[in-house]
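# Fold the following and give me the result.
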Amino acid sequence: MSKTDLNEIVISREFNAPRELVFKVFTEAEHMAHWWGPKGFAMEVARLDLRPGGLFLYCMRSPNGQAMWGRFVYHEIVAPERVVFVNSFSDEQGGITPNPWLPNYPLEVLNTLTLTEQDGKTTFTLKGGPINATEEQINVFNSIRPNMEQGFKGTFDQLDEYLAKIIS
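Coordinates of the predicted model:
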C-alpha cells in the first residue's frame, strides 16, 4: 500500500547548535547512546553502520529493565543535510519484529530527516510514515500520532540537553 501525506507524522525542532554537530550526534553511536529514545530509558548501541544499506541496531531498556530492540536501515545519507532510513522494532540480531505493545503497528516506517541551518541554529525535521503496511497498520499508526509526538518531544528534549552539554 502506498503512503500519503495523511499517513505521515512530521516533527520539527530547532536546536541552538550548528548543523554539522546535530548531524554528527544523530549519526555516531557514541552520541546516539546519550539521547536517542524515550526519556528515562537506557540506550545501548549494538551496531551503527552509517552507509546506504547499513544498519543501526539498538536496545532501549525501560526503568524496570524491560528491553526493547529497534533498528534503522539506512537508504540515503547526504551529510550534513539529510538521512533517509526505515525504522522497525527488532530482535537482538536485527530481524524485524512486531511492536511489543501494539502488534498491529506497521513493521516498517520510512523516515526522512532533514537538517537546515540559519544563524548557527539547526532545524531538525523528521518526517515518517508506514511502508508496506496494511490498512489496519496505517490506522494504528495514525491513531497513536499524539503519543508519537509526545515521545519525540521527550527525545528531542534529551537531544537539546545533550547538545548544550557538549557545546559548553
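
# Against which helices or strands is the lengthiest strand in the chain packed?
Ranked by number of residues, the top strand in the chain under DSSP state E is strand 67-78. Judged by 3 or more CB pairs under 8 Å, 6 or more residues apart in numbering; DSSP states H and E, the packing partners of strand 67-78 are strand 55-61, strand 82-90. The way it works is simple: take the backbone N, C-alpha and C, and place the C-beta from them, glycine included.

# what's the closest of those to Lys165?
Nearest to Lys165, of all the helices and strands packed on strand 67-78, is strand 55-61, at 20.2 Å by CB to CB.

# Could you tell me which strands that closest one is paired with, and in which direction each runs?
Using DSSP bridges, the strands paired with strand 55-61 in its sheet are strand 42-48 (antiparallel), strand 67-78 (antiparallel).

# now what about it, what contacts it?
Strand 55-61 is contacted by residues 32, 36-38, 41-50, 67-74, 85, 90, 92, 94 when judged by CB atoms under 8 Å, 6 or more residues apart in numbering.

# For those, which ChimeraX command selects only the ones that are buried?
Buried members of these, identified by 16 or more other CB atoms under 10 Å, are gathered into one ChimeraX selection as follows:
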select :32,36,37,38,41,43,45,46,48,50,68,69,70,71,72,73,74,85,90,94
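
# picking that back up, who touches the longest strand of the chain?
27, 41, 49-62, 82-92, 94, 96-97, 100, 110-111.

# Check those residues for burial and list the buried ones.
27, 41, 50, 55-60, 83-90, 94, 97, 110-111.

# hmm, back to that, could I get the longest strand of the chain in PDB with only the CA atoms?
What follows is strand 67-78 as a C-alpha-only set of coordinates in PDB (Å, rounded to 0.1, in the frame of the first residue of the first chain):
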ATOM      1  CA  ALA A  67      14.500  -4.500  26.800                       C
ATOM      2  CA  MET A  68      13.100  -3.100  23.500                       C
ATOM      3  CA  TRP A  69      15.200  -3.600  20.400                       C
ATOM      4  CA  GLY A  70      15.000  -1.400  17.300                       C
ATOM      5  CA  ARG A  71      16.800  -0.800  14.000                       C
ATOM      6  CA  PHE A  72      17.300   1.700  11.200                       C
ATOM      7  CA  VAL A  73      18.200   0.500   7.800                       C
ATOM      8  CA  TYR A  74      19.800   3.500   6.000                       C
ATOM      9  CA  HIS A  75      18.700   4.300   2.500                       C
ATOM     10  CA  GLU A  76      20.300   7.700   1.800                       C
ATOM     11  CA  ILE A  77      22.900   9.800   3.600                       C
ATOM     12  CA  VAL A  78      23.700  13.300   2.400                       C
END
